[in-house]
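**Student:** From the sequence below, what's the structure:
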Amino acid sequence: MQDTKLFETILGLQAPWHIARVELETATQRVDLWAEHDATRWPCPECQQLLPCVDHAEERMWRHLDTCQFQTHLHARIPRVQCPTHGVKQVRVPWAEPRARFTQLMERLIIDVVQQCSTVIGACRILSITWDEAWGVMERAVARGQARKVVRPMRYLGVDEKAFRKGQVYHTIVCDLERRTVEHVAEDRRADSLAPFFAGLTPAQRDAIDAVAMDMWDPYIKATREGLTNGAARVVFDRFHIMQEMNTAVDLVRKQEHRTLQRTTGTSVLTGSKYLWLYSRERLPEKHAQRFKDLQALELKVGRAWAIKEALRTLWTYRRHWAATRFFQRWFHWARCSRLEPVRKSAATLKRHADGILRYCQHPITNGATEGINSKIMTIKRKACGFRNPRNFQTAIYFHCGGLDLYPR
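**Tutor:** Residues are numbered from 1 along each chain as shown. Sure, this is the predicted structure:
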């Protein structure tokens with residue numbers, strides 16, 4: 001087989017395009033191909049009307065898949081047509097996307113390598129391309145995937161924030177909990193960070209949402225309440241954030257009691273016990289079991305706080321709303337009468353959000369899938385050594401976690 005026919009087959013070129021010339025430079029390990037075309041009429045890229053070629057653009061070059069480790073470059077002059085409706089336009093070539101500097105096959109390889117490496121720099125070193133070229137492929141892939149995205153119902157959503165950089169700089173992340181994909185990324189964690197997502201949904205999509213899992217962050221609650229019909233009744237507060245609130249209260253009680261014991265006795269049995277009180281009963285490591293049992297026997301205030309916190313875990317076992325409500329009322333009375341101020345404050349916070357907490361009985365969802373995606377985002381950010389540009393951070397999230405169809409066709 002002739003070299004021109006070989007590369008025509010590899011590139012999938014058909015009439016009127018053909019490879020006219022192939023040059024091999026062994027010193028520079030490079031293969032150059034020149035594509036030319038026969039006389040024909042070309043479709044306008046906007047309206048597909050067949051028109052004659054009026055002239056050609058300057059010669060362009062596209063990087064193709066390597067040939068036996070030799071970099072391969074395709075050259076061609078793209079014909080232009082003069083459409084009566086859209087004016088002078090370059091026709092589309094079959095081997096590359098508009099304005100791309102890589103063939104479609106090369107772009108597919110770049111996408112695969114970036115996804116596997118999780119870093120742009122790693123992909124650049126493997127493929128011998130620049131950072132700007134790789135990032136351009138990622139941006140086009142994300143834009144292509146979002147344009148192709150099919151409107152589909154989403155029953156359960158998760159809303160959480162992800163730190164962009166130090167200094168309380170966050171991004172809002174919305175996930176489809178069933179498909180485990182990122183549906184929306186926005187700067188900051190205000191109400192207007194989440195509101196555009198709900199505004200962009202179709203009426204059918206908004207009606208299909210049964211529940212939205214989130215922490216007790218007022219801007220997210222406000223955006224959901226205003227963005228969805230009867231939105232307040234669709235909020236489910238994430239149980240892990242609720243237990244985190246109680247763990248914070250237990251730790252505050254421990255700190256206060258630890259200082260009191262040190263002041264009054266000069267020592268404290270609570271030294272080094274911080275994490276023992278943050279474990280759930282069933283997750284306490286065996287090696288700490290005896291010491292924890294000894295601490296509980298001392299009837300400390302932090303022991304009472306821990307017992308109140310552990311009792312709240314029972315709430316998640318209920319599936320009938322009336323039974324969960326009755327249990328929560330009894331639990332709240334115990335916490336309120338505990339004479340432990342941090343526990344009283346946390347219990348009051350949970351009481352204000354009781355409707356969203358008890359709604360777990362109807363929709364037993366958590367932000368566990370969202371936290372898993374956040375962990376993946378954290379890995380991407382760490383491998384990239386952070387991001388300076390918020391837009392690039394969003395592109396990386398959609399690229400790796402958006403579940404998009406990224407490949408050119």
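
**Student:** State the number of residues packed around the closest residue to I308 other than its chain neighbours.
**Tutor:** What sits nearest to I308 in space, not counting adjacent residues and going by Cβ to Cβ, 6 or more residues apart in numbering, is A335, at 5.3 Å. Heads up, the C-betas are built off the backbone N, CA and C, glycines and all. Counted with other Cβ atoms under 10 Å, residues neighbouring A335 total 24.

**Student:** ok, A335 - contacts?
**Tutor:** I308, V343, R344, S346, A347 (Cβ atoms under 8 Å, 6 or more residues apart in numbering).

**Student:** and if you look at T202?
**Tutor:** V151.

**Student:** Nearest spatial neighbour of S118, chain-adjacent residues omitted?
**Tutor:** Using Cβ to Cβ, 6+ apart, the closest residue to S118 is K383 (5.1 Å).

**Student:** Check W34 too.
**Tutor:** R21 (4.3 Å).

**Student:** The one you found falls within a strand, correct?
**Tutor:** Yes - inclusion of R21 in a strand is indicated when DSSP: H, G, I helix; E, B strand; the rest coil is applied.

**Student:** where along the stretch 251-400 of the chain do the strands fall?
**Tutor:** With DSSP state E, counting those that start in this stretch, there are no strands along the stretch 251-400 of the chain.

**Student:** and the chain, what are its domains?
**Tutor:** What automatic domain parsing lists as the domains of the chain is 1-95, 156-237+366-401, 239-361.

**Student:** out of those, deepest packed?
**Tutor:** domain 156-237+366-401 (a mean of 18; mean count of other Cβ atoms under 10 Å).

**Student:** Now do the end-to-end distance for that one.
**Tutor:** 17 Å (Cα to Cα, to the nearest Å).

**Student:** count of neighbours near the residue nearest to W95 when sequence neighbours are not counted?
**Tutor:** Spatial nearest neighbour of W95, excluding adjacent residues (Cβ to Cβ, 6+ apart): T103 at 4.8 Å. Other residues near T103 number 25, with proximity taken as other Cβ under 10 Å.

**Student:** can you pull the contacts of V114?
**Tutor:** V120, A123, A134, V137, M138, F399.

**Student:** continuing past the strand or helix carrying it, what's the next helix or strand?
**Tutor:** Counting by DSSP states H and E, the secondary-structure element that holds V114 is helix 104-117. Next along the chain after helix 104-117, taking DSSP H and E as the criterion, comes helix 120-127.

**Student:** my guess is D3 contacts R21, does it?
**Tutor:** No - using Cβ atoms under 8 Å, D3 is not in contact with R21, being 9.4 Å away.

**Student:** re earlier: now render the contacts of V114 as TSV, adding pLDDT.
**Tutor:** Below are the contacts of V114 laid out as TSV (pLDDT from 0 to 100):
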residue	pLDDT
V120	89
A123	90
A134	92
V137	93
M138	94
F399	94
